[in-house]
Structures are given as structure tokens and as C-alpha cells.
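*Asks:* Just to be clear, the model below is a prediction. Sequence and coordinates:
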Amino acid sequence: MQRQACRCTFAFFVVKIFIPMNTIAATILDGNKIATQIKAEVAEEVQKLSAAGIRPGLAVILAGHNPASEIYVRNKVKSCQQLGMLSENLTPPDSVTTAELLQMVNELNSRDEIDGILVQLPLPPQVDSKKVLLAVSPEKDVDGFHPVNVGNLSTQRPGLVPCTPAGVIEILRRSNIPIEGRNAVVIGRSDIVGKPVAMLLLNNNATVTVCHSKTKNIAQIAQQADILVAAIGKAGFVTEDFIKPGAAVIDVGINKVTDRSEFERFFSGDPAREKSFAEKGSTLVGDVDPHVAAVAGAITPVPGGVGPLTIAMLMANTVKACRMRRGPERQARS
Ligand code: GUN
């Protein structure tokens, strides 16, 4: 949606006055609504599999105590239960070793009723995370982090795709935002989000540019984007000057704001945020400054944008892993 001006013409002098109206709001892309739709579809799939005597199962390994990870895992397990899937939660202590985690993963790999294995990151610092992720069977790798699945994605073979990037594509697709032939700019190059989201956009025929912390003139590059994905982990990094008017802006960041002046920068004049900040002493902001909504055509909010899709896509991946490995179609073929 374009920043608009009000043109007032006076008949006598033919004077044109432009009054800026920079409060025009972008369409808000409601991640909760889309996630609810996807979960309903997954629940239907689970029912069909149950009718064939198969119950998809997800095992989550949560090592040590990380408050944010504990919340994420609780929500993942709760979603599994809501959709009728089996869920198992393993909680080794902070002191867990790489060898112990490898043993746990290997045991889960060998259990037929477990379709998905998710090792919650970050792992404690003494653990060799790459080694542990490599041990997860690619067939059960519902995070899509295993090099086999990374290769499947980049060569457009069937496989398991990382949840948050898959969620970004679902938001665009279900909001009828075209990808093919569009310029997409991804800010961030992590293995979990930036790289796979860039690959998915490319596979959907966008022209993709990836920017990162060492990129020069990020704002100028971002201005070319019809679709801008922000996944750099810096509160409010993407400001209005980054945005091509009317662009779709997908905000993957989740950052906690506790500082009053930072809060003012993003949310001054927003009574709902003001109230919750006063009550909790903090609020969440994405990697996109909320003022971007005045220039963008569509934008995901934080919270309630990409976040809910991550869990919905994890549920979808678990059912997909189940179908690929032991679904009725698979059994009929063997
Ligand atoms: N930690 C933060 N995001 C993720 C994710 O998508 N998967 C896993 N396994 N850990 C995470």
C-alpha cells in the first residue's frame, strides 16, 4: 500500500496542496488464523491415519533449562496432544554430554512409533550440536536441519523442510501474495531461517537476494523487494526507509524490549502495548520497526505473525514424516 497524499485543488488559483497521510495501515497478515487452518488440516490427516491404525508421534529433546526453549517445547507438546498425535518429551540435565544425547537420538531413530525427532536448540555449550543433529535420521528430521534434507530442499527433491521457512511460504501463499517473478530480499543468513527461506523463495521462482551483517547498503537493496523477509535477530532493524511502498514484509524476529526508551521508539502512542508494558515490564518486537506498517502493503505482526506457523508446520512435518515412512500408501507399495 502506498504512502498517500491528499490533493486539494482550489479553483481560482489552481494550487495543489499535498497533505501527507502517513498513517495508512498495511494489511495485517494474521499468523494465528493461518496456523489454526493448517492445524485443522493436520488434525484431519491424523484422523485418517488413525483410521488406518497409525498414530503419528513426535519426540522432543529439551536439554537443560532455558526459559525460552521450555516455553517453545511446552507449546509443541500441547499442539501434538490437541491434534491427537503421540508426543514424548525427554529432558536431560544441563550437564548432558554429546555421547548421551547421541545415545538418546539413536534410540529414538530405532523406535517405529516415533516419526519425528526434534532436538531443541540451543544445546548446552559443552555439546557438539552439529554432531547431534547429524545423528537424527533424515526420515525423522522434522526440523529439516539434516544435510540430507538441506540437499533435498536445494535440489527440489521430496523431503522435510525447516518449519519457520515453510511457515513464511504458507503465509504468502494463503494470503494470495504472488512469489513467482517477484524480487525477494531476505535479511539474515542463518541455517535455520535465512538460508532455507531464500531457497524456498527461489524454488517458487522469486529473484532472491540475501543480505547479512556484512552487507553494505542493506536499506537500498531492501527497497527493491516486493517481498522482504527479516530474520536478523535485531529489534526493529528494518525501518520505513527500507521499504518499497506496497511490499509484503514478513517479520521472523522475536526480541524482548525492556528498556523504556526503546519501547518509546517502537510503540509510543499505542495504548494496548503501553498497558502490557506497564504490567509486565517488557514487550515483544520483531526485526521490523512497527512504523513500517505505514509504508508496506502487508505485514506480519509480532507476536501473532510467523511464530504460530512454526508450530503448525512442525505438526505438518510430523504427519508428513509419518506418511513417508509408514503411511498406508507406503505399506501398500511394500
Ligand atoms: N530453537 C529455536 N528455533 C528452533 C527450531 O525451529 N528448532 C529447534 N530444534 N530449535 C529451535
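*Replies:* Everything's here; your move. Numbering: from 1, shown residues only.

*Asks:* what secondary structure does D191 sit in?
*Replies:* Put simply, D191 is coil when judged by DSSP: H, G, I helix; E, B strand; the rest coil.

*Asks:* what's stretch 212-229 in contact with?
*Replies:* Contact partners of stretch 212-229, identified using Cβ atoms under 8 Å, 6 or more residues apart in numbering, comprise 168, 172, 177, 179, 182-189, 194, 197, 201, 206, 209, 211, 232, 238-239, 241-244, 247-250, 252. (Each C-beta comes from the backbone N, C-alpha and C, glycine too.)

*Asks:* typo on my end, stretch 253-268
*Replies:* So stretch 253-268 is contacted by 230-237, 273-274, 277, 281-291, 302-303, 307 (Cβ under 8 Å, 6+ apart).

*Asks:* again, 10 Å this time
*Replies:* 68, 187-188, 193, 230-238, 270, 273-274, 276-277, 280-291, 302-303, 305-307 (Cβ atoms under 10 Å, 6 or more residues apart in numbering).

*Asks:* Can you select the buried ones among the residues you listed for me in PyMOL?
*Replies:* The following PyMOL line selects those of the contacts of stretch 253-268 that are buried, judged by 16 or more other Cβ atoms under 10 Å:
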select buried, resi 187+188+193+230+231+232+233+235+236+237+238+273+277+283+284+285+286+287+288+289+290+302+305+306+307
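
*Asks:* near the ligand, from the contacts of stretch 253-268?
*Replies:* Among the contacts of stretch 253-268, no residue is within reach of the ligand (Cβ under 6 Å from any ligand atom).

*Asks:* Skipping adjacent residues, who's closest to the residue of the stretch 1-150 of the chain found nearest the ligand in space?
*Replies:* Residue nearest to the ligand within the stretch 1-150 of the chain (Cβ to the nearest ligand atom): L121, separated by 3.7 Å. Spatially, and ignoring its direct neighbours in sequence, L121 is nearest to S129 (6.7 Å; Cβ to Cβ, 6 or more residues apart in numbering).

*Asks:* again with D287
*Replies:* G253 (3.0 Å).

*Asks:* cool, V238 as well?
*Replies:* Using Cβ to Cβ, 6+ apart and skipping the chain neighbours, the partner closest in space to V238 is V288 (4.3 Å).

*Asks:* pretty sure the one you found contacts G305?
*Replies:* Yes. Using Cβ atoms under 10 Å, V288 is in contact with G305, at 9.5 Å.

*Asks:* What would stretch 167-187 look like as CSV? C-alpha coordinates only.
*Replies:* Written as CSV, here are the backbone C-alpha positions of stretch 167-187 (Å, rounded to 0.1, in the frame of the first residue of the first chain):
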residue,chain,number,x,y,z
GLY,A,167,5.6,-21.1,7.5
VAL,A,168,6.8,-18.0,5.8
ILE,A,169,5.8,-19.5,2.4
GLU,A,170,2.4,-20.7,3.8
ILE,A,171,1.7,-17.1,5.0
LEU,A,172,2.4,-15.7,1.5
ARG,A,173,0.6,-18.5,-0.3
ARG,A,174,-2.6,-18.4,1.8
SER,A,175,-2.7,-14.6,1.7
ASN,A,176,-2.6,-14.7,-2.1
ILE,A,177,0.7,-12.8,-2.3
PRO,A,178,2.4,-13.9,-5.5
ILE,A,179,6.0,-15.1,-5.3
GLU,A,180,6.9,-16.0,-8.9
GLY,A,181,8.7,-13.3,-10.7
ARG,A,182,8.9,-11.1,-7.7
ASN,A,183,12.0,-9.6,-6.1
ALA,A,184,12.5,-11.1,-2.7
VAL,A,185,15.1,-9.9,-0.2
VAL,A,186,16.0,-11.9,2.8
ILE,A,187,17.8,-10.2,5.7
